[in-house]
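Novice: here's a sequence, model it:
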Amino acid sequence: MPKQKRGKPASPLQVAGAVLAAFFGVRRRSAHESVWLNPVHVIFAGVLAAAVFVVLLVALVKFIVGNAGQ
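Specialist: You can find the predicted model right below:
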């Protein structure tokens, strides 16, 4: 089995960008090939992004429901 080339390690901002791109289902091939993503960092960033998304969604629903009777 041939060894795969690794790019340079990804910065936290690049990991966040990769996770957000995954939320939308799009990512450039060049972005995929240029850096190496540590799976632990990607999982942590994904869980954090999902938690932030859920908190924002709950806050939005509470805001809308709270203002519905006015």
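
Novice: how far does stretch 26-38 stretch from one end to the other?
Specialist: Start and end residues of stretch 26-38 are separated by 19 Å (CA to CA, to the nearest Å).

Novice: quick check: mean pLDDT of it?
Specialist: The predicted model gives stretch 26-38 an average pLDDT of 74.

Novice: and the helix ranked longest in the chain, how far out from the chain middle?
Specialist: Assignment by DSSP state H gives helix 39-66 as the longest helix of the chain. Here the centre of helix 39-66 is set off from its chain's centre by 11 Å, with CA atoms, centre = their mean, to the nearest Å.

Novice: which positions within it qualify as buried?
Specialist: Buried residues in helix 39-66, counted by 16 or more other CB atoms under 10 Å: H41, V42, A45, G46. Using the backbone N, CA and C atoms, a C-beta is placed for each residue, glycine as well.

Novice: surely Q14 and V35 touch.
Specialist: Yes: counting by CB atoms under 8 Å, Q14 sits close enough to V35 to count as a contact (5.5 Å).

Novice: can you read off the pLDDT for V54?
Specialist: With respect to pLDDT, V54 scores 97.

Novice: centroid residue for the protein?
Specialist: Geometric centre of the chain, nearest residue: V19, 2.3 Å, by CA atoms, centre = their mean.

Novice: nearest residue to it other than its sequence neighbours?
Specialist: Excluding its sequence neighbours, the residue lying closest to V19 (CB to CB, 6 or more residues apart in numbering) is A45, at 4.5 Å.

Novice: pretty sure the one you found contacts V15?
Specialist: Yes: using CB under 8 Å, A45 is in contact with V15, at 5.1 Å.

Novice: is it true that V15 touches V42?
Specialist: Yes: with contact defined as CB under 8 Å, V15 reaches V42; the gap is 6.1 Å.

Novice: what helices or strands is the longest helix of the chain leaning on?
Specialist: helix 12-24 (3 or more CB pairs under 8 Å, 6 or more residues apart in numbering; DSSP states H and E).
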